[in-house]
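Student: this is a predicted model, with the sequence first.
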Amino acid sequence: MLSNTVLAECLDPDAKAAADKSAQQYVGGKTFKTARVLKKHLPSKRKEVASYVYVKADDLYYTVYALVNSQCNAAIIKRTYGKH
């Protein structure tokens, strides 16, 4: 008999919120655009999410990419250079 192991998946709105929160802390700014779920990695069900952050002190806009796991914990993987 085989048992089915089911991994819980973080819902898209929760993944976006977790990614936005970690991106704002990482860069030190505020989001200016709604985050986007770019892809879902299989079989781990981690989601790659892009967050868009504006840093007023530098007057720069950043795109910050994060991997969000099934417990909705975001880990920053990269960011773009700031743009005006």
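Tutor: It's in. Keep in mind the model is a prediction, meaning the values are calculated, not measured.

Student: following the helix or strand encompassing Ala18, which helix or strand comes up?
Tutor: For Ala18, the host element (DSSP states H and E) is helix 12-27. With elements assigned by DSSP H and E, the helix or strand that comes after helix 12-27 is strand 30-41.

Student: now that next one: mean pLDDT?
Tutor: Averaged over strand 30-41, pLDDT sits at 94.

Student: now it: buried residues?
Tutor: For strand 30-41, burial by neighbour count (16 or more other CB atoms under 10 Å) applies to 31, 35, 37. In this view, the C-beta of every residue, glycine as well, is placed from N, C-alpha and C.

Student: neighbouring contacts of the helix holding Ala18?
Tutor: Residues outside helix 12-27 that contact it (CB atoms under 8 Å, 6 or more residues apart in numbering) are 10, 30-31, 34-37, 47, 49-51, 53, 55, 62, 64, 66, 68, 72-76, 79.

Student: now it: mean pLDDT?
Tutor: On average, helix 12-27 scores 95.

Student: now the angle from it to strand 30-41?
Tutor: Computed by axes from the mean of the first three to the mean of the last three CA atoms, to 10 degrees, the angle separating helix 12-27 from strand 30-41 equals 120 degrees.

Student: buried residues in helix 12-27, which are they?
Tutor: 15-20, 22-24, 26-27.

Student: let me know the closest of those to Leu42.
Tutor: Closest approach between the buried residues of helix 12-27 and Leu42, by CB to CB: Ala15, at 15.2 Å.

Student: ok, now how distant is that closest one from Asp59?
Tutor: 29 Å (CB to CB, to the nearest Å).

Student: now Thr63, nearest residue through space, not along the chain?
Tutor: Leaving aside its sequence neighbours, Thr63 sits nearest to Thr80 (CB to CB, 6 or more residues apart in numbering; 4.5 Å).
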